[in-house]
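Undergrad: mind looking at a prediction? Sequence and model below.
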Amino acid sequence: MVGVPEGDTVWLAAKRMHAALAGSTLRRGEFRVPQLAAVDLAGVGVREVVPRGKHLLIRLADERTVRSHFRMDGAWHIYRPGTRWHGGPGYDVRAVLATDAWECVGYRLHDLALVPTAEEHTLVGHLGPDVLGPDWDLDEALRRLRAHPDDQIGVALLDQRNLAGIGNIYKVESLFLCGVHPWARVADVDDLAGLVTRARKLMLANREHPEQSTTGSLRRGEDHWVAGRRGRPCRRCGTTILLGEQGPSTEERVTWWCPRCQAARSPIDPAARTGEPDHPRPLTTYR
Ligand SMILES: [Zn+2]
């Protein structure tokens, strides 16, 4: 299992939540997290549900906004009343928003917050252009990326302040498809616009369904080029796919790459930045 929620997952969740809740009045609205335990949204209308990068915003008719984030494992499930909930054990439920027609159950949600809608910027104002947003701005995303030319491209693509919505899978897959080494400096990526556009196209192609495929195949084991394929032959050249960790120590993400298809023109030595010897540290806990 390599898939974690990325911008396309949040986009689809928001679309479905909007269809279920927008224009309706909540008959039940409760949270099972300490900071919102006293909140009761029963009787409050829902105006709209929108994605912003990897954040999901539920805007209420009383000019307040609920923000949730999936991080690695969160999900909103939508049920008809009377249907058995099956998103996980009861202690994983963080929020319940129900109308007469639908029950939206939030499992393992993170960063739950309730703020005046006018103050949403305090939650999402730091985000760069939204890859799947109606106001997507490629030039602004490129400007933000290029403002830190010495950053590793594999880290920069995940920094939501540069552009919002890309997660680990679309990062590694777009780097592969564009032949860019994950440790390359941003300044050394020949076609940065092409790389960002590739990642966006992958997400656009996947946003209408929950599966994440970058190869065009939804068959298990054939749905990615390098992600989740450590030790297996590259689909293009047969070279063994490598896996390493990349990023600040508190935000390490695993990175898969083909050392031939993504050969650095001027070899990058990860040890120069991380202090690690020779190569990124191999992992055993991920496939
Ligand atoms: Zn290859």
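TA: Thanks, I have the structure now. Numbers count the residues shown, from 1 in each chain.

Undergrad: contacts and neighbour counts: CA atoms only from here.
TA: OK.

Undergrad: quick one, what contacts Ala164?
TA: Applying CA atoms under 8 Å, 6 or more residues apart in numbering to Ala164 gives the contacts 7, 52-54, 127-131.

Undergrad: what do you get for Pro5?
TA: By CA under 8 Å, 6+ apart, the contact set of Pro5 is 54, 70-74, 167.

Undergrad: which two in those are spaced the farthest apart?
TA: Spanning the widest gap among these are Gly74 and Gly167, at 14.1 Å by CA to CA.

Undergrad: looking at those two, which has the bigger crowd around it?
TA: Gly167 (25 against 20; other CA atoms under 10 Å).

Undergrad: quick check: the more buried one touching Glu6?
TA: Yes: Gly167 is in contact with Glu6 according to CA atoms under 8 Å; the separation is 5.0 Å.

Undergrad: OK, contacts around the spatially most central residue of the chain?
TA: When CA atoms, centre = their mean is applied to the chain, the residue found nearest the centroid is Glu6 (2.2 Å). Applying CA under 8 Å, 6+ apart to Glu6 gives the contacts 54, 165-168.

Undergrad: kindly report the same for Gly179.
TA: Here Gly179 is in contact with 261-263 (CA under 8 Å, 6+ apart).

Undergrad: so what's the closest residue to Gly133 other than its chain neighbours bridging to?
TA: Distance criterion CA to CA, 6 or more residues apart in numbering; nearest residue to Gly133, sequence neighbours excluded, is Arg52 at 7.1 Å. Taking DSSP bridges, one obtains His55 as the residues bridged to Arg52.

Undergrad: burial measure for Arg52, as a count.
TA: Per other CA under 10 Å, the neighbour tally for Arg52 reads 23.

Undergrad: what's the answer for Arg219, then?
TA: Other residues lying near Arg219 total 11 when counted by other CA under 10 Å.

Undergrad: that one sits in which helix or strand?
TA: For Arg219, there is no enclosing helix or strand under DSSP states H and E.

Undergrad: thank you, goodbye.
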